[in-house]
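Peer 1: Just to be clear, the model below is a prediction. Sequence and coordinates:
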Amino acid sequence: MPLRSIIHPGRAMRMAAASVLLQGCAFSPSISVLGAYFPDWLFCIVAGIALAVVSFLLLRRSRHDRLLGPPALVYPALVTLFSLVAWLAFFQH
């Protein structure tokens with residue numbers, strides 16, 4: 001059976017493009033904690049959440065929290081901002 005009849009040319013091109021785009025990292029971006037390896041983005045998210053909670057508490061205590069927009073948009077944006085800043089600060093190789 002010829003190979004042309006098994007794999008459609010469009011599908012072969014999609015498979016080739018996927019193999020180029022999904023090659024992976026040169027190294028594993030993980031941290032060893034007591035023998036278990038955790039990805040570095042996990043630590044960045046935890047730091048982002050912790051910093052957003054601290055900023056929420058500080059804004060609430062100073063009564064400036066009502067000056068911000070809707071909390072459902074502001075605090076997830078702060079988590080994202082703090083997570084990306086933590087990644088840039090600590091995990092740039």
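Peer 2: All right, it came through fine.

Peer 1: For Tyr37, see how far away the nearest residue to Pro71 once chain neighbours are set aside is.
Peer 2: In space, not counting the residues next to it along the chain, Pro71 is nearest to Asp65; the distance is 7.6 Å by CB to CB, 6 or more residues apart in numbering. (C-beta placed from N, C-alpha, C; glycine too.) With the distance defined as CB to CB, to the nearest Å, Asp65 ends up 38 Å from Tyr37.

Peer 1: quick one, which of the two is more surrounded?
Peer 2: Between Asp65 and Tyr37, Asp65 has the larger neighbour count (other CB atoms under 10 Å), namely 16 against 9.

Peer 1: Surely the more buried one is in contact with Phe56?
Peer 2: Yes. Under the criterion of CB atoms under 8 Å, Asp65 lies in contact with Phe56, with a separation of 7.3 Å.

Peer 1: Name the residues contacting each of those two.
Peer 2: Listed contacts common to Asp65 and Phe56 are nil; contacts here mean CB atoms under 8 Å, 6 or more residues apart in numbering.

Peer 1: buried set for the lengthiest helix in the chain?
Peer 2: Using DSSP state H to define each element, the chain has its longest helix at helix 40-61. If you call a residue buried by 16 or more other CB atoms under 10 Å, then helix 40-61 has these buried ones: 40, 43-45, 47-48, 51-52, 55-56, 59.

Peer 1: all helices of the chain, in order?
Peer 2: With DSSP H as the criterion, the chain has helices spanning 3-6, 9-21, 40-61, 71-90.

Peer 1: can you tell which of those is closest to Val33?
Peer 2: With CB to CB, the closest approach to Val33 among these belongs to helix 40-61: 9.0 Å.
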